[in-house]
Structure formats: C-alpha cells, structure tokens
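Undergrad: Build me a structure from this.
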Amino acid sequence: MGLKLWNEGDDPYNHEQLADNFAKIGAHTHASGKGVQIPTGGIESGAITLPLLSSSLFPLEKTLPGAPENKQVIYFEASGANGIIWGLRFRESINTYKWEYIGGPFLSSGYEGAYTQESATEHAFSTGPTLTVPLTGEYEIELGVSIHAEKVAGKTQTNEIILGKNAATTNVVYIPFELGENTELGTRVRGTRIAVLTTGDTLTMFLKTSFSNKVKLENGRIGIRPVRV
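TA: A predicted model of the protein is given here:
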C-alpha cells in the first residue's frame, strides 16, 4: 500500500504524511497495489453466492471462443429458436476436438406425417426431417422412424433407412430391416452412432429398398448432441 512508517525516534513526522496514510487505508480493497490480496483460505465457505459471480464466468456463446483457457466452461446456443443450449468444457490436452460436452438436450428435427415410397431407388423423405450441424466435431447421432411395408408374394425384401449427409446417401447412420416372403411389417426402428460431422452439414433421411414395393414411413426423427467439438 505504500504507507509511511515511523519506526525510529528521530524519524521526521508531519500531519500531511499521517493524512496520506489514512487515505491509503481508506482506499484499501485487497486488489493488487491496494493492500494484501486475500488467499483462498481467507474466504469463508459459502461466502461467495450466485449473485456475486460474474456473468462472464459461463457466457452464452453463438460461436466457440477463439482463445479459450484450459477448463473454461461456456454455454453454446445450438438453436436459439428451439432453446437448445449445450454446456461445453475446454480441455487443452485433447488433440483434435477440445470442447467436451457436459450437458444439454439433443438438437433434433422430426415430422409427424407419412411418406410412401414405391420404387427401388434411394429416395430422400420429401416431408423431412432435415437437420443442419452447428459445429464440427464428434456427435452422438440418433435416427428413428415408424415403418409399414406391404407383403410381396414369393419375395424377401432387404431395406435400409439411411441418414445421409448433404443430399448424398453417405451412411452416417443406417438401419437395415428385412421383409420376408408374404410378410407385412409394422414397427418402430431406431439406430445410433458416434460419427464426425462438419459445420453446415445437412442431414437427411433416405429409404433404400431392394425392389419396388409400397413402404410407408411415419414420424421420422433425427437427433444429434456432441461428444466433443
């Protein structure tokens, strides 16, 4: 703090120096240069309550920080329109994707209508769902749909529900299902996978069948949440 000391009998002393000492004591805040800083042990447990914490400790971000610190925690707005917020923690020791997921819901897209496919070619669901990836990284991906396929005499049909990327049937996730001879199928199928996705990737659901047959698909859903980004 720079207080004036008088520790010898012949030290010069005046009232201005005393007043200056009192002014410095009055300005004492424990900040650097304004007194001794308080160590961790000097703070009573529970003394720092939530209203005293700076809002900058856990900021809400729409992009990842450019110069993060190790163990830094942020909230990332994956979808402002749907209120999807992910908690992310930075870990310097990881080689590629350094922001680890610590909480938050799936970012998802779905539809409740039906889509009917009758040809043997690969077709994207014309009614959706589609989903755009907000950050590059490793994701847990979920794919689900309800299926009803009509029976075909004397034939076994091999089918795949495919989660494609950027209008291509790249198998991000796929769910194979078989329709036996003279057998109808009515079921809900679900598949999951961990895969790397890139910012701006558009995920779309496709159906692939081994021959032409009427297959009805309902209540499709795509969901993603990060492992690390």
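Undergrad: per-residue pLDDT, the closest residue to A78 other than its chain neighbours?
TA: Once flanking residues are discounted, A78 sits nearest to I84: 4.3 Å by CB to CB, 6 or more residues apart in numbering. Where you see a C-beta, it was placed from the backbone N, CA and C, and this is true even at glycine. Per-residue pLDDT puts I84 at 96.
Undergrad: what's the burial count for I84?
TA: 17 (other CB atoms under 10 Å).
Undergrad: who's in contact with it?
TA: By CB atoms under 8 Å, 6 or more residues apart in numbering, the contact set of I84 is E77, A78, G104, P105, F106, L107.
Undergrad: if you set the cut-off to 7 Å instead, what comes out?
TA: I84 is in contact with A78, G104, P105, L107, counting by CB atoms under 7 Å, 6 or more residues apart in numbering.
Undergrad: Can you tell me the closest non-neighbouring residue to the third one?
TA: In space, not counting the residues next to it along the chain, P105 is nearest to I84; the distance is 6.0 Å by CB to CB, 6+ apart.
Undergrad: What separation do you get for that neighbour and P134?
TA: 9 Å (CB to CB, to the nearest Å).
Undergrad: Specify the residue ranges that define each domain of the protein.
TA: Domain assignment for the chain, taken from automatic domain parsing, gives 1-38, 50-103, 107-228.
Undergrad: I'd like the ones you listed as TSV, with distance to E44 appended.
TA: TSV is the format used below for the domains of the chain (distance: least, CB to CB, whole Å):
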stretch	distance to E44
domain 1-38	11
domain 50-103	13
domain 107-228	37
